[in-house]
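1. here is a sequence together with a model predicted from it:
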Amino acid sequence: MTQRAHVVLALFAILGLCTLGAPLPAGAAIARPTHLRPVQSKADCAAALSLLAVICGAAVTKGDLQLTWDESDKSVTGYRVYRVDGGGHKLLGTATALYFLVNKPSEGYANLCFAVQAYVGKQTSADSEQYCYRPGATATTRSFKPSRTVTQVAWVAPANVNCGGNSLTGSTYFQAADKDYGSAFTAFFPFLTNEQPPSGRVGVGGVYAGNEAAIFAAKVHYSSLFGAPFCSGVSPYTGGDLTAQIHALAAMAFNLGELATHKLYSAMLMLKASQTIVFASGKAAFSNSVWCPVYVGAANQEWWLAPLGNLAKNI
(Lines give C-alpha, C1' and ligand atoms only; values in the text may rest on other atoms or scores of the structure.)
Protein backbone atom coordinates (compact mmCIF):
# COMPACT_ATOMS: atom_id res chain seq x y z
CA MET A 1 0.00 0.00 0.00
CA THR A 2 1.09 3.55 -0.63
CA GLN A 3 -0.20 6.38 1.49
CA ARG A 4 -0.12 10.14 1.59
CA ALA A 5 0.46 11.54 5.07
CA HIS A 6 0.16 14.74 7.11
CA VAL A 7 3.08 15.00 9.52
CA VAL A 8 3.43 16.92 12.79
CA LEU A 9 6.21 16.72 15.38
CA ALA A 10 4.88 17.05 18.87
CA LEU A 11 7.43 18.02 21.57
CA PHE A 12 6.58 17.17 24.90
CA ALA A 13 4.38 5.57 39.53
CA ILE A 14 2.86 2.00 41.05
CA LEU A 15 3.90 4.04 44.09
CA GLY A 16 7.56 3.78 45.07
CA LEU A 17 7.93 2.90 48.73
CA CYS A 18 10.75 3.94 51.02
CA THR A 19 12.27 1.27 53.26
CA LEU A 20 10.74 1.45 56.70
CA GLY A 21 13.45 1.74 59.33
CA ALA A 22 13.42 1.17 63.06
CA PRO A 23 12.01 3.95 65.29
CA LEU A 24 14.47 6.65 66.20
CA PRO A 25 15.83 6.72 69.75
CA ALA A 26 14.03 9.23 71.94
CA GLY A 27 15.29 12.75 71.32
CA ALA A 28 17.16 11.87 68.12
CA ALA A 29 16.83 14.51 65.42
CA ILE A 30 15.62 13.70 61.94
CA ALA A 31 17.71 15.16 59.14
CA ARG A 32 15.69 17.42 56.89
CA PRO A 33 15.23 16.56 53.17
CA THR A 34 17.69 18.18 50.78
CA HIS A 35 17.84 19.39 47.17
CA LEU A 36 14.11 20.02 46.73
CA ARG A 37 13.62 20.58 43.00
CA PRO A 38 11.19 20.08 40.10
CA VAL A 39 11.26 16.91 38.00
CA GLN A 40 13.19 17.80 34.84
CA SER A 41 13.96 14.55 33.06
CA LYS A 42 13.06 10.92 32.59
CA ALA A 43 15.99 10.08 34.86
CA ASP A 44 14.31 12.11 37.64
CA CYS A 45 11.09 10.16 37.12
CA ALA A 46 12.90 6.83 37.19
CA ALA A 47 14.89 7.74 40.31
CA ALA A 48 11.81 8.87 42.20
CA LEU A 49 9.27 6.26 41.13
CA SER A 50 11.17 3.37 39.56
CA LEU A 51 8.68 1.16 37.68
CA LEU A 52 5.93 3.76 38.11
CA ALA A 53 7.86 6.41 36.18
CA VAL A 54 5.20 6.26 33.42
CA ILE A 55 2.85 8.17 35.75
CA CYS A 56 5.49 10.84 36.21
CA GLY A 57 6.07 11.02 32.46
CA ALA A 58 2.37 11.51 31.76
CA ALA A 59 2.24 14.38 34.25
CA VAL A 60 5.26 16.04 32.59
CA THR A 61 3.53 16.11 29.20
CA LYS A 62 0.44 17.61 30.84
CA GLY A 63 2.53 20.47 32.25
CA ASP A 64 2.06 19.51 35.91
CA LEU A 65 4.59 20.54 38.55
CA GLN A 66 6.24 17.53 40.17
CA LEU A 67 8.66 17.83 43.05
CA THR A 68 11.45 15.47 44.00
CA TRP A 69 14.16 15.63 46.68
CA ASP A 70 17.03 13.66 48.16
CA GLU A 71 16.57 11.17 50.97
CA SER A 72 17.54 12.65 54.31
CA ASP A 73 17.61 9.65 56.62
CA LYS A 74 17.25 5.88 56.09
CA SER A 75 14.88 5.68 59.06
CA VAL A 76 12.33 8.10 57.50
CA THR A 77 8.87 6.61 56.99
CA GLY A 78 7.32 9.47 55.02
CA TYR A 79 7.34 13.09 53.95
CA ARG A 80 4.98 16.05 54.26
CA VAL A 81 4.87 18.65 51.50
CA TYR A 82 3.93 22.24 52.32
CA ARG A 83 3.16 25.38 50.40
CA VAL A 84 5.13 28.15 52.10
CA ASP A 85 4.85 31.23 49.89
CA GLY A 86 3.65 34.46 51.46
CA GLY A 87 4.74 33.34 54.90
CA GLY A 88 2.24 30.48 54.99
CA HIS A 89 2.76 26.82 55.89
CA LYS A 90 -0.11 24.92 54.27
CA LEU A 91 0.04 21.12 54.14
CA LEU A 92 -0.52 19.90 50.57
CA GLY A 93 -0.15 16.18 51.22
CA THR A 94 2.14 13.35 52.23
CA ALA A 95 4.39 10.99 50.29
CA THR A 96 6.33 7.80 50.91
CA ALA A 97 8.40 8.18 47.74
CA LEU A 98 10.79 11.03 46.98
CA TYR A 99 8.11 12.52 44.78
CA PHE A 100 5.03 14.72 44.97
CA LEU A 101 2.63 15.94 42.29
CA VAL A 102 1.42 19.47 42.97
CA ASN A 103 -2.12 19.94 41.72
CA LYS A 104 -2.22 23.04 39.57
CA PRO A 105 -4.19 25.86 41.24
CA SER A 106 -6.52 28.02 39.16
CA GLU A 107 -4.00 30.87 39.21
CA GLY A 108 -1.16 28.64 38.01
CA TYR A 109 2.17 27.90 39.67
CA ALA A 110 3.76 31.35 39.40
CA ASN A 111 4.98 32.79 42.73
CA LEU A 112 4.38 29.54 44.62
CA CYS A 113 7.01 28.16 47.02
CA PHE A 114 7.27 24.73 48.65
CA ALA A 115 9.10 22.91 51.43
CA VAL A 116 9.26 19.28 52.56
CA GLN A 117 9.53 17.72 56.03
CA ALA A 118 10.53 14.13 56.83
CA TYR A 119 8.89 12.20 59.64
CA VAL A 120 9.24 9.01 61.64
CA GLY A 121 6.14 8.29 63.65
CA LYS A 122 5.36 11.53 65.49
CA GLN A 123 8.83 12.94 65.07
CA THR A 124 9.29 15.51 62.32
CA SER A 125 12.30 17.16 60.74
CA ALA A 126 12.76 20.83 60.05
CA ASP A 127 11.63 22.17 56.70
CA SER A 128 13.85 21.58 53.71
CA GLU A 129 15.18 24.59 51.89
CA GLN A 130 12.36 26.18 49.92
CA TYR A 131 11.85 25.71 46.23
CA CYS A 132 9.99 28.52 44.43
CA TYR A 133 8.53 27.94 41.00
CA ARG A 134 10.48 29.33 38.06
CA PRO A 135 9.71 29.27 34.33
CA GLY A 136 10.95 26.02 32.82
CA ALA A 137 10.00 23.92 35.84
CA THR A 138 7.04 22.49 33.94
CA ALA A 139 6.90 21.27 30.38
CA THR A 140 5.26 23.05 27.48
CA THR A 141 4.15 21.05 24.47
CA ARG A 142 5.07 22.48 21.10
CA SER A 143 4.10 21.21 17.66
CA PHE A 144 6.10 21.68 14.50
CA LYS A 145 5.30 21.07 10.86
CA PRO A 146 8.11 19.94 8.56
CA SER A 147 10.33 22.71 7.23
CA ARG A 148 11.41 20.47 4.33
CA THR A 149 9.87 17.41 2.73
CA VAL A 150 10.70 15.26 -0.23
CA THR A 151 9.35 11.97 -1.55
CA GLN A 152 11.43 9.76 -3.75
CA VAL A 153 9.40 7.50 -6.02
CA ALA A 154 11.24 4.52 -7.46
CA TRP A 155 9.70 2.05 -9.88
CA VAL A 156 10.81 -1.25 -11.30
CA ALA A 157 9.20 -3.05 -14.24
CA PRO A 158 10.42 -6.03 -16.28
CA ALA A 159 13.15 -5.14 -18.79
CA ASN A 160 13.98 -6.64 -22.18
CA VAL A 161 10.51 -8.06 -22.80
CA ASN A 162 9.93 -7.74 -26.53
CA CYS A 163 6.58 -7.20 -28.11
CA GLY A 164 6.57 -7.05 -31.88
CA GLY A 165 10.33 -6.63 -31.87
CA ASN A 166 10.27 -3.64 -29.48
CA SER A 167 11.07 -3.69 -25.75
CA LEU A 168 8.08 -2.70 -23.65
CA THR A 169 8.40 0.58 -21.76
CA GLY A 170 7.86 0.80 -18.04
CA SER A 171 4.64 2.70 -18.62
CA THR A 172 3.23 -0.33 -20.46
CA TYR A 173 3.16 -2.31 -17.23
CA PHE A 174 1.63 0.50 -15.18
CA GLN A 175 -1.06 1.06 -17.81
CA ALA A 176 -1.70 -2.67 -17.62
CA ALA A 177 -1.83 -2.53 -13.82
CA ASP A 178 -4.44 0.22 -13.98
CA LYS A 179 -6.43 -1.87 -16.46
CA ASP A 180 -6.22 -5.02 -14.40
CA TYR A 181 -6.36 -3.65 -10.85
CA GLY A 182 -8.14 -0.34 -11.29
CA SER A 183 -6.86 3.18 -11.95
CA ALA A 184 -6.24 3.79 -8.24
CA PHE A 185 -3.04 1.74 -8.61
CA THR A 186 -1.13 4.69 -10.11
CA ALA A 187 -3.39 7.46 -8.80
CA PHE A 188 -0.70 9.00 -6.57
CA PHE A 189 1.90 8.88 -9.35
CA PRO A 190 0.05 9.14 -12.69
CA PHE A 191 3.28 10.02 -14.55
CA LEU A 192 4.13 6.30 -14.46
CA THR A 193 1.54 5.62 -17.16
CA ASN A 194 3.41 7.89 -19.59
CA GLU A 195 6.44 6.74 -21.55
CA GLN A 196 8.84 5.80 -18.75
CA PRO A 197 11.90 3.50 -18.81
CA PRO A 198 11.53 0.10 -17.11
CA SER A 199 13.08 1.51 -13.92
CA GLY A 200 13.95 4.86 -12.42
CA ARG A 201 13.37 7.27 -9.57
CA VAL A 202 12.23 10.88 -9.26
CA GLY A 203 11.44 13.35 -6.53
CA VAL A 204 7.84 14.49 -6.14
CA GLY A 205 6.01 17.00 -3.98
CA GLY A 206 4.00 15.85 -0.98
CA VAL A 207 4.64 13.12 1.58
CA TYR A 208 4.10 9.56 0.39
CA ALA A 209 5.31 6.28 1.86
CA GLY A 210 4.72 2.64 1.04
CA ASN A 211 4.99 0.00 -1.65
CA GLU A 212 2.75 -1.36 -4.39
CA ALA A 213 3.25 -4.38 -6.61
CA ALA A 214 1.31 -5.71 -9.59
CA ILE A 215 1.93 -9.31 -10.67
CA PHE A 216 0.94 -10.36 -14.15
CA ALA A 217 0.57 -13.95 -15.34
CA ALA A 218 1.78 -12.97 -18.80
CA LYS A 219 0.55 -16.12 -20.58
CA VAL A 220 -2.97 -15.46 -19.32
CA HIS A 221 -3.05 -11.70 -19.65
CA TYR A 222 -1.20 -11.35 -22.92
CA SER A 223 -4.19 -10.48 -25.07
CA SER A 224 -5.99 -8.27 -22.56
CA LEU A 225 -2.97 -6.53 -21.05
CA PHE A 226 -0.23 -6.62 -23.65
CA GLY A 227 -2.45 -6.74 -26.73
CA ALA A 228 -3.29 -3.62 -28.73
CA PRO A 229 -2.21 -0.95 -28.24
CA PHE A 230 0.73 -2.42 -26.34
CA CYS A 231 1.60 -5.23 -28.73
CA SER A 232 0.90 -5.95 -32.35
CA GLY A 233 0.33 -9.47 -33.59
CA VAL A 234 3.23 -11.42 -32.15
CA SER A 235 3.42 -14.62 -30.18
CA PRO A 236 2.73 -14.35 -26.45
CA TYR A 237 5.56 -13.79 -23.99
CA THR A 238 6.55 -17.27 -22.77
CA GLY A 239 8.46 -16.44 -19.59
CA GLY A 240 7.17 -16.54 -16.01
CA ASP A 241 5.05 -14.01 -14.15
CA LEU A 242 5.90 -10.32 -14.52
CA THR A 243 6.00 -7.86 -11.62
CA ALA A 244 5.80 -4.07 -11.66
CA GLN A 245 6.58 -2.31 -8.38
CA ILE A 246 6.33 1.21 -6.93
CA HIS A 247 8.34 2.25 -3.85
CA ALA A 248 7.71 5.61 -2.18
CA LEU A 249 10.17 6.89 0.43
CA ALA A 250 9.52 10.21 2.19
CA ALA A 251 11.84 12.39 4.25
CA MET A 252 10.98 15.29 6.52
CA ALA A 253 13.15 17.84 8.33
CA PHE A 254 12.05 20.02 11.24
CA ASN A 255 13.53 23.37 12.24
CA LEU A 256 13.85 23.18 16.03
CA GLY A 257 16.05 26.24 16.44
CA GLU A 258 13.68 27.94 18.85
CA LEU A 259 14.17 25.06 21.29
CA ALA A 260 17.94 25.55 21.44
CA THR A 261 17.87 27.05 24.95
CA HIS A 262 15.32 24.61 26.36
CA LYS A 263 15.60 21.15 27.85
CA LEU A 264 13.87 18.50 25.75
CA TYR A 265 11.94 15.93 27.78
CA SER A 266 10.56 13.87 24.91
CA ALA A 267 9.66 14.08 21.23
CA MET A 268 7.04 12.25 19.22
CA LEU A 269 6.66 11.99 15.47
CA MET A 270 2.97 11.87 14.58
CA LEU A 271 1.98 10.49 11.19
CA LYS A 272 -1.59 10.62 9.98
CA ALA A 273 -2.48 8.96 6.71
CA SER A 274 -4.80 11.24 4.78
CA GLN A 275 -5.37 8.66 2.06
CA THR A 276 -4.19 5.11 1.42
CA ILE A 277 -4.37 2.80 -1.57
CA VAL A 278 -5.58 -0.63 -0.47
CA PHE A 279 -6.37 -3.83 -2.33
CA ALA A 280 -9.81 -5.31 -1.82
CA SER A 281 -11.32 -8.11 -3.90
CA GLY A 282 -8.37 -7.93 -6.27
CA LYS A 283 -8.81 -4.23 -7.01
CA ALA A 284 -6.92 -1.11 -5.94
CA ALA A 285 -9.10 1.36 -4.07
CA PHE A 286 -8.78 4.52 -1.97
CA SER A 287 -9.27 4.42 1.80
CA ASN A 288 -9.39 7.30 4.26
CA SER A 289 -9.38 5.11 7.36
CA VAL A 290 -6.67 2.50 6.81
CA TRP A 291 -3.05 2.93 7.86
CA CYS A 292 -0.42 0.54 6.61
CA PRO A 293 2.75 0.24 8.70
CA VAL A 294 5.89 1.75 7.22
CA TYR A 295 9.51 1.90 8.34
CA VAL A 296 10.40 5.08 10.24
CA GLY A 297 13.97 6.00 11.11
CA ALA A 298 16.23 8.97 11.82
CA ALA A 299 18.20 10.50 8.95
CA ASN A 300 21.94 10.01 8.96
CA GLN A 301 22.77 12.73 6.45
CA GLU A 302 21.57 16.09 5.19
CA TRP A 303 19.44 14.57 2.46
CA TRP A 304 17.90 17.91 1.44
CA LEU A 305 21.22 19.03 -0.05
CA ALA A 306 20.75 16.53 -2.87
CA PRO A 307 17.50 14.65 -2.27
CA LEU A 308 17.77 12.05 -5.00
CA GLY A 309 21.44 11.41 -4.35
CA ASN A 310 21.23 11.09 -0.57
CA LEU A 311 17.77 9.71 0.07
CA ALA A 312 18.00 5.99 0.69
CA LYS A 313 16.23 3.30 2.71
CA ASN A 314 18.73 3.55 5.54
CA ILE A 315 17.90 7.14 6.41
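-> The structure has been received and is ready for your questions.
2. so where is the stretch 201-315 of the chain shaky, pLDDT-wise?
-> 217-240, 292-293, 305-315 (pLDDT under 70).
3. redo that, cut-off 50
-> Under the criterion pLDDT under 50, the flagged ranges of the stretch 201-315 of the chain are 220-225, 227-237, 314-315.
4. then V60 would be within a helix, right?
-> Yes. Assessed with DSSP: H, G, I helix; E, B strand; the rest coil, V60 lies in a helix.
5. what about the residue nearest to D127 when sequence neighbours are not counted, neighbour count?
-> Excluding its sequence neighbours, the residue lying closest to D127 (Cβ to Cβ, 6 or more residues apart in numbering) is A115, at 4.1 Å. Bear in mind the C-beta positions are built from the backbone N, C-alpha and C, glycine included. Burial of A115 is recorded as 22 neighbouring residues (other Cβ atoms under 10 Å).
6. could you pull out the buried residues of the helix or strand harbouring A115?
-> Here A115 sits within strand 113-120, counting by DSSP states H and E. For strand 113-120, a neighbour-count test (16 or more other Cβ atoms under 10 Å) marks F114, A115, V116, Q117, A118, V120 as buried.
7. same question for stretch 71-84.
-> Of the residues in stretch 71-84, those buried (16+ other Cβ under 10 Å) are S72, D73, S75, V76, T77, G78, Y79, R80, V81, Y82, R83, V84.
8. just the ones in helices from those, please.
-> Taking DSSP state H, every one of those sits outside helices.
9. what is the nearest of these to E302?
-> Using Cβ to Cβ, V81 is the member of those that sits closest to E302, with 48.2 Å.
10. pretty sure that closest one contacts V116?
-> Yes. Contact criterion Cβ atoms under 8 Å: V81 and V116 qualify, at 5.4 Å.
11. the strand holding A115 packs against which elements?
-> If you count contacts as 3 or more Cβ pairs under 8 Å, 6 or more residues apart in numbering; DSSP states H and E, strand 113-120 packs onto strand 34-38, strand 65-70, strand 78-83, strand 131-132.
12. what number of residues lie near A244?
-> A244: 25 surrounding residues under other Cβ under 10 Å.
13. check which residues of whatever helix or strand it lives in are buried.
-> Under the criterion of DSSP H and E, A244 resides in strand 242-253. Going by neighbour count (16+ other Cβ under 10 Å), the buried part of strand 242-253 is L242, A244, Q245, I246, H247, A248, L249, A250, A251, M252.
14. ok, stretch 199-214 next?
-> Quick answer for stretch 199-214 (16+ other Cβ under 10 Å): V207, Y208, A209, G210, E212, A214.
15. out of those residues, which sit inside strands?
-> Y208, A209, G210, E212, A214 (DSSP state E).
16. ok, of these, which one's closest to E129?
-> Distances from E129 to these, taken by Cβ to Cβ, are shortest for A209, at 52.3 Å.
17. was I right about the closest one contacting V294?
-> Yes. Counting by Cβ under 8 Å, A209 does reach V294; the two are 4.6 Å apart.
18. between the longest strand anywhere in the chain and strand 242-253, how big is the angle?
-> Using DSSP E, we find that the single longest strand of the chain is strand 267-280. Inter-element angle recorded for strand 267-280 and strand 242-253: 160 degrees (by axes from the mean of the first three to the mean of the last three Cα atoms, to 10 degrees).
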